[in-house]
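> my questions concern the predicted model and sequence given below.
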Amino acid sequence: MQTLKDGALTLKGSVIAIGAFDGVHKGHQAVIRQAVEKSLVHQVPSVVYTFDPPPRHFFKGAQILTTIQEKLSRLYKLGVDYVIVASFDEWYATRPPKDFICELSMLNPVEVSIGSDFRFGKSREGDVELLKKYFQINETLPVYCNGGELISSSRIRQLISEGDFQQSYSLLGW
């Protein structure tokens, strides 16, 4: 697996999974596995496009579930070919959605895998519908635990703050 900064990679074809992937929990794993499987079908590299720090931490100071090193280790175990790590800072947060689309275009994606709630660009102006105008999009359905509750980084943070480490580890799936 090769790790690069945003804008540093050009490919003739790829399948991309995009997200903060903080914790690389079971829901994230579904998005990433889908991209890796599709990349094998299309015989192109798989790419994970992620952010450091996660946007929720940048904007709201949310607890980070995994360091960038832990995240990269988990992505490696999922069989990803390339990881692009965007430095999420003040400049990045003010980029218009079109800049992000241009950057993705350099990777010539055959497909882009995202969660259904994915937003991007300044003030979260970009959404799934905008991406669909430029790329073939695979929206991964939300993943729920056995109790029927949504698996999310926010929920895992809440469980950790309540001291429920057993359930939080279960949702992380590592």
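Okay, I see it.
> in the chain, which helix or strand is least confident?
strand 2-5 (a mean of 82; mean pLDDT, DSSP states H and E).
> what about residue 9, distance to residue 107?
Using C-beta to C-beta, to the nearest Å, residue 9 is found at 6 Å from residue 107. C-betas here are computed from N, CA, C, even on glycine.
> again, but for residue 60
Taking C-beta to C-beta, one finds residue 60 at 29 Å from residue 107.
> these two: which has the busier surroundings?
Between residue 60 and residue 107, residue 107 has the larger neighbour count (other C-beta atoms under 10 Å), namely 23 against 8.
> can you verify my assumption that the more buried one contacts residue 14?
Yes. Using C-beta atoms under 8 Å, residue 107 is in contact with residue 14, at 4.6 Å.
> if you count neighbours, what's buried in the biggest helix by length in the chain?
Using DSSP state H, we find that the single longest helix of the chain is helix 26-42. Residues of helix 26-42 classed as buried: 26-36, 38-39 (neighbour count, 16 or more other C-beta atoms under 10 Å).
> now stretch 85-99
85, 86, 88, 92, 95, 97, 99.
> who does whichever helix or strand residue 169 is part of touch, helix- and strand-wise?
Counting by DSSP states H and E, the element that carries residue 169 is helix 165-172. If contacts are counted by 3 or more C-beta pairs under 8 Å, 6 or more residues apart in numbering; DSSP states H and E, helix 165-172 sits against helix 153-161.
> what does the helix or strand just after the least confident helix or strand of the chain rub up against?
Heading C-terminal from strand 2-5, the first helix or strand you meet, by DSSP H and E, is strand 14-18. Residues from elsewhere that reach strand 14-18 (C-beta atoms under 8 Å, 6 or more residues apart in numbering): 31-32, 34-36, 38-39, 42, 44-50, 80, 82, 104, 107-114, 118, 120.
> overlap in contacts of residue 9 and residue 107?
residue 47.
> what's the mean pLDDT across stretch 107-114?
Stretch 107-114 carries an average pLDDT of 96.
> what's the neighbour count on residue 51?
25.
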